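>>> Okay, predicted coordinates and the sequence, questions at the end:
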Amino acid sequence: MLDKRSKQVLYAVVQSYIEAPEPVGSRFITKRFSMGCSSATIRNIMADLEDLGLLSQPHTSAGRIPTDKAYRFFVDSLLNAEKKSNYNDFPGEFMKHFTTKLDSVKSDINEMFSEVTATLSLMSNYVGIAVPPKPEKSTFKKIDLIRYRGAKVVALLLTDEGVVKNKVLEVDPQLTQDDLNRIADYLNEEYSGYLLDEIKGMLIGRIKHEKAVWDKLVAKAIEIYEQALSFGGDDIFVSDLYDVMNLPDFSNMARIKELSRAIKDKHMILKLLDELMEAEGVRVVIGDENPIEDLRHLSLVISPYREGDRPMGVIALVGPTRMDYAKAILMVDAMARCVSKTFER
């Protein structure tokens, strides 16, 4: 447990390093912050913080820089403070304007989440990421079945959240376009308004208990719908890297390549974000805490968005471990709340 003065010194070093990535010395801290003690005292406290693994010294006679452990300590104090203030520091006028903007493009899920990631990136200079609503967590609205070629049929699925999925299915070649229309009408009438996850369970139950009494067309409808509901689930929206390349942390090409490689590996990022989707509020993953090796020089600030109590997807920022956490936490939380409000309208 750190005493009050040690915490003040640690926070001063972290904040100074976030603002400018240069080792921080005791004289700098004494001049800039009102600590009420000498430079020698600050130097001794910094040495103690280094012994605790919270600061490191790049080389003898240099100042100190924060470790991932120090960032964790700093971020936990920020999150506790933000919980008490209920994240209300973000400008209400921006929230109102941006929610209205999202509402105007809500019918096009691609445009909506491209807007979210681009705005996050522009405001923060970090990489904005958004995971759209998972199809299986969405509410079924309508399916269209269009004969394509031979036994192949295109299934076009639309959800209430604006998610559109299309898939080529193999069906009984004896089915005509009229049969497909009747099947689509039956599915739309029977299941519209249910979650896709719920429909899967309903189908399995009906197949198990009532198959013997179904007519042939309904059996074909169930068979087609089961195929149409199988998704890869690898959608993710990422802002471009232009803004992040202006940060000194990405001045060398190796770091840019690491970031680019990690983002291209959508499956790893999606796995990490999926694990955090059920969590409440903003979460921060710092440096070595990250299970993705190429992201261990980086931090992620993540918040789920919801429709009512139902988690739908995730909004995130990726930036250097010395990112401005206070600003990033507020922005990600604000964006997640804007998206949640848009889906709830």
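Perfect, thanks for sending it. Numbering: from 1, shown residues only.

>>> Please name the nearest non-neighbouring residue to Ala326.
Leu78 (5.6 Å; Cβ to Cβ, 6 or more residues apart in numbering). Where you see a C-beta, it was placed from the backbone N, CA and C, and this is true even at glycine.

>>> again with Ser16
According to Cβ to Cβ, 6+ apart, the nearest residue to Ser16 is Val24 (4.7 Å).

>>> So the one you found is in contact with Arg64, correct?
Yes - assessed by Cβ atoms under 8 Å, Val24 is found in contact with Arg64 at 5.9 Å.

>>> hey, what's in contact with both of those two?
When contacts are counted by Cβ atoms under 8 Å, 6 or more residues apart in numbering, Val24 and Arg64 have Val13 as shared neighbours.

>>> The residue nearest to Ser16: neighbour count?
Residues contacting Val24 under the criterion other Cβ atoms under 10 Å number 24.

>>> Contacts only, for it.
Val24 sits in contact with 12-13, 16-17, 63-65, where contact means Cβ under 8 Å, 6+ apart.

>>> Look up how far Asn125 lies from it.
21 Å (Cβ to Cβ, to the nearest Å).

>>> So what's the model's average confidence on the helix ranked longest in the chain?
Using DSSP state H, we find that the single longest helix of the chain is helix 325-344. Mean per-residue pLDDT for helix 325-344: 92.

>>> May I see the buried residues of that helix?
By neighbour count with 16 or more other Cβ atoms under 10 Å, helix 325-344 contains the buried residues 325-343.

>>> ok, now stretch 48-58?
49, 54-55.

>>> Same check on stretch 141-157?
Neighbour counts over stretch 141-157 (16+ other Cβ under 10 Å) mark 141, 143, 145, 147, 153-155, 157 as buried.

>>> Mind giving me the packing neighbours of the longest helix of the chain?
Helices and strands touching helix 325-344, by 3 or more Cβ pairs under 8 Å, 6 or more residues apart in numbering; DSSP states H and E, are helix 68-85, helix 92-104, helix 109-124, strand 298-307, strand 310-320.

>>> quick one, it and strand 310-320 angle?
Orientation note: helix 325-344 sits at an angle of 150 degrees relative to strand 310-320 (axes from the mean of the first three to the mean of the last three Cα atoms, to 10 degrees).

>>> still on that earlier bit, from the buried residues of stretch 48-58, which ones fall inside strands?
Leu55 (DSSP state E).

>>> so which of the buried residues of stretch 48-58 comes closest to Asp235?
Leu54 (39.2 Å; Cβ to Cβ).

>>> residue contacts, the closest one?
Here Leu54 is in contact with 10, 66-67, 69-70, 73 (Cβ under 8 Å, 6+ apart).

>>> Dump the residues you listed into CSV; add distance to Leu196 as well.
Formatted as CSV, the contacts of Leu54 follow (distance: Cβ to Cβ, whole Å):
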residue, distance to Leu196
Leu10, 48
Pro66, 45
Thr67, 45
Lys69, 43
Ala70, 44
Phe73, 42
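
>>> Please, which helix or strand holds the closest residue to Asn166 other than its chain neighbours?
Nearest non-adjacent residue to Asn166, counting by Cβ to Cβ, 6+ apart: Leu156, 4.9 Å away. Using DSSP states H and E, Leu156 falls within strand 152-159.

>>> Who are the packing partners of the very next helix or strand once past that strand?
Later in the chain than strand 152-159, the nearest helix or strand by DSSP H and E is strand 164-170. With contacts defined as 3+ Cβ pairs under 8 Å, 6+ apart, strand 164-170 has these neighbours: strand 152-159, helix 216-228.

>>> switch the cut-off to 6 Å
Using 3 or more Cβ pairs under 6 Å, 6 or more residues apart in numbering; DSSP states H and E, the elements in contact with strand 164-170 are strand 152-159.
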